[in-house]
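Q: how does the following fold in three dimensions:
(2 chains)
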Amino acid sequence: MRSEGRLNWGRALIGWTVALGMFFPVFWMFLTSFKTEIAAVATPPAVFFHPTLQNYSAVLERADYLAFAKNSIAVSVGSTLLALALAIPAAYSMAFYPTRRTRDILLWMLSTKMLPAVGVLVPIYLLWRDLGLLDTVFGLILIDGISVLPIVIWMLFSYFREVPAVILEASRLDGARQAEELFHVLLPLCTPGIASTALLSIILCWNESFWSLNLTTVKAATLTAFTASFSSPEGLFWAKLSAASTLSIAPILIFGWISQRQMVRGLSFGAVK
Amino acid sequence: MANVELRKVSKRFGDHEVIHGIDLHIADHEFIAFVGPSGSGKSTLLRMIAGLEEVTEGEVLINGTPVQNVPSAKRGLAMVFQSYALYPHMTVAENMSFSLRLAGVSRKERDEKVRAVARVLEMESLLERKPRQLSGGQMQRVAIGRAMVRQPQAFLFDEPLSNLDASLQGQMRLELVRLHRELDATMIYVTHDQLEAMTMADRIVVLNHGRIEQMGSPMELYQHPATLFVAGFIGAPKMNILEAQVKDVSGQLLTLLLANGESVTVPAPRQKPAVGQKVKLGVRPEHVALQADGELRGEVEVLEHLGSRAYLHTRLPDGTRFVVQTDGDTVAHSGDRVSFQLRTEVCHLFDAAGRNMRRIRDEATFSTRENHA
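A: Modelled structure (predicted):
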């Protein structure tokens, strides 16, 4: 009994340490965004200070935050929808009609994530230029959707695998054609899994910076480009950069907070049987 | 309603052949059971009829029309699965009416049909529940209801009672028999439990390694098992098998020398075996009586009381296990020596290949082959 109690305490301690360790940089950034530039770089770091909103007003004055935010929303939601539209049939086919090569295909898809994006920057840039997709929201949706696709397929595949094939067979005997089987039975059954996959994909696309920095300039630039624009070569303005970062991550943090229950439910999904 | 015909149907998974050219005709309104141990191919056969499994070779015909290339959805069959396979996200009523919804039947008509079936199965109070709120027996009822709502050409059952407890199984067996009578439908029923097949089916098909071992009415299989396999599979507890050698043939009687050195005399089959031929004597536990001066002796290992009757598990001197059905009030202890008498007129004689020798007279070719051996 006593050793079990100590074990629980130990676990709680580790859990809290990890959680606080991960949260601290975000918290520090949040604090810094309310400091003056001088207080922001003070050594030792200022813990108590007079909060100011001047960084926020400066940041919002310099850039059209809403335009960037709109692009971020369009790109993360758009890429996620694109990825889901491609991944659902792919995962369905691999989960319920596996062949000898299915495992290899899954691994191959995942292996594309191991390729550094910069390795294909030049060909993608040239392609996007010739297709007129540079600095367009659609162009960014396309590249982000493709980048997130392997993860989306993997997640959906594992959710679909949890669904007993016999339920789909029952629907076939009930007269369902393939599309009906998918839309009336499989997808409703996997709603928690699909939702958490979508949430994760939205978060990944929201935070994606490589392609948005390299393929957009003004019109299609997202909040990651907005943040990056505040790290200037003439010297860092930590407080303003923190304010811009806070503004960039605030929507997704709030979104994540609201949907965390759904996320956890989806990630621990498998209670169909 | 439908008749179903299989013509030289075989199934291969890769190089592995699991069904070997099966021919079978299932008549309209028939209740037929496929029985066999796991791996015998009974479920695969059912799934091929359902269209869930492709037919490698041969033809499946429903009402005379080949259906190998017809998708399951269009075969007009309904299936009840072992795991029930209810749609977890739908209510009972939605589960039952799903096929009608797909067929474009109006909501009003759907409701009426679902209610009518629910009334027959006495589960009207469950209609608004989700499957996870149901007990196993209730889920099974819903699965059967879902099949009934479609008014299918034939019902396919894949071990539907295996997940239920014993008392519920008994109840559902009766219910299925009643349904079969009321619906007057063709029913194909797969089970590994010979009791289910014996109690419900008009005809039983015994499968072994993807081949039909024997088919016939339950009593035919019980009284005249064609092979050792069928003899061991039909009837519980299993038929006792004693190794023996033909010692003497005289008139209509055959004297057998058992492995333990004792002799028994049994009626001879028409085609008489040669003296010295090795045979197997099959005796059902219910065809043995305890008797003080009986021809067989054994030592009691366990006495199993079932109330109205008891099973005496004994071991013969040569180590063969031998089960005897006795009265419920039998008293015996482990280690007791008992002797018993066989009802030889209902014993079975199998040749070395496991074929029942009573049937020798029907199979002239078989006896010539045997003479060569």
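
Q: point out the residues in the stretch 201-350 of chain B that sit beside chain A.
A: Within reach of chain A by CB under 8 Å from any CB of the partner chain, the stretch 201-350 of chain B has no residues at all. C-beta: built from backbone N, CA, C; applies to glycine.

Q: so which residues of the stretch 201-350 of chain B form strands?
A: Counting by DSSP state E, counting those that start in this stretch, the stretch 201-350 of chain B has these strands, from start to end: B:203-208, B:211-216, B:240-250, B:253-258, B:263-267, B:278-283, B:288-290, B:296-305, B:309-315, B:321-327, B:337-342, B:348-350.

Q: now mean pLDDT too, for those strands, in CSV please.
A: Formatted as CSV, the strands of the stretch 201-350 of chain B follow (pLDDT from 0 to 100):
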stretch, mean pLDDT
strand B:203-208, 96
strand B:211-216, 95
strand B:240-250, 91
strand B:253-258, 89
strand B:263-267, 88
strand B:278-283, 92
strand B:288-290, 91
strand B:296-305, 92
strand B:309-315, 94
strand B:321-327, 93
strand B:337-342, 91
strand B:348-350, 91
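
Q: so can I have a markdown table of these showing mean neighbour count and distance to residue A:204?
A: Output for the strands of the stretch 201-350 of chain B, formatted as a markdown table (neighbours: other CB atoms under 10 Å in any protein chain shown; distance: least, CB to CB, whole Å):
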| stretch | mean neighbour count | distance to residue A:204 |
| --- | --- | --- |
| strand B:203-208 | 24 | 52 |
| strand B:211-216 | 18 | 55 |
| strand B:240-250 | 17 | 67 |
| strand B:253-258 | 19 | 77 |
| strand B:263-267 | 16 | 80 |
| strand B:278-283 | 20 | 69 |
| strand B:288-290 | 17 | 74 |
| strand B:296-305 | 16 | 64 |
| strand B:309-315 | 19 | 66 |
| strand B:321-327 | 19 | 65 |
| strand B:337-342 | 17 | 77 |
| strand B:348-350 | 22 | 69 |
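
Q: could I get those strands as CSV with distance to residue A:70?
A: Formatted as CSV, those follow (distance: least, CB to CB, whole Å):
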stretch, distance to residue A:70
strand B:203-208, 66
strand B:211-216, 69
strand B:240-250, 82
strand B:253-258, 93
strand B:263-267, 94
strand B:278-283, 84
strand B:288-290, 88
strand B:296-305, 78
strand B:309-315, 80
strand B:321-327, 81
strand B:337-342, 92
strand B:348-350, 84
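
Q: and for residue A:98, the neighbour number?
A: Using other CB atoms under 10 Å in any protein chain shown, residue A:98 has 14 neighbouring residues.

Q: my guess is it is in a helix, correct?
A: No. Using DSSP: H, G, I helix; E, B strand; the rest coil, the assignment for residue A:98 is coil, not a helix.

Q: what does the stretch 51-200 of chain B put close to chain A?
A: Proximity of the stretch 51-200 of chain B to chain A (CB under 8 Å from any CB) is limited to residues B:51-52, B:71-74, B:77-79, B:81, B:83, B:85-89, B:98-99, B:102-103, B:146, B:150.

Q: if we can go back for a sec, of the strands of the stretch 201-350 of chain B, which is nearest residue A:90?
A: strand B:203-208 (38.1 Å; CB to CB).

Q: against chain A, how distant is the closest residue to residue B:313 other than its chain neighbours?
A: Nearest residue to residue B:313 in three dimensions, chain neighbours excluded: residue B:302, at 4.4 Å (CB to CB, 6 or more residues apart in numbering or on different chains). When CB to the nearest CB, to the nearest Å is applied, the distance between residue B:302 and chain A equals 38 Å.

Q: quick check: residue B:302 touching residue B:310?
A: No. Using CB atoms under 8 Å, residue B:302 makes no contact with residue B:310, being 10.2 Å away.

Q: how about residues contacting the longest helix along chain B?
A: The residue-count maximum for a helix in chain B (DSSP state H) belongs to helix B:166-183. Counting contacts by CB atoms under 8 Å, 6 or more residues apart in numbering or on different chains, the residues outside helix B:166-183 that touch it are B:31, B:120, B:136-137, B:140, B:144, B:148, B:155, B:157, B:160-161, B:164, B:187, B:189, B:196, B:199-200.

Q: domains of chain B?
A: B:4-227, B:240-372 (automatic domain parsing).

Q: which stretch in those domains is the model least sure about?
A: Within those, confidence is poorest for domain B:240-372, with a mean of 84 (mean pLDDT).

Q: and the helix or strand hosting residue A:57, what's buried?
A: Assessed by DSSP states H and E, residue A:57 sits inside helix A:54-62. Buried residues in helix A:54-62, counting neighbours by 16 or more other CB atoms under 10 Å in any protein chain shown, are found at A:55-56, A:58-59.
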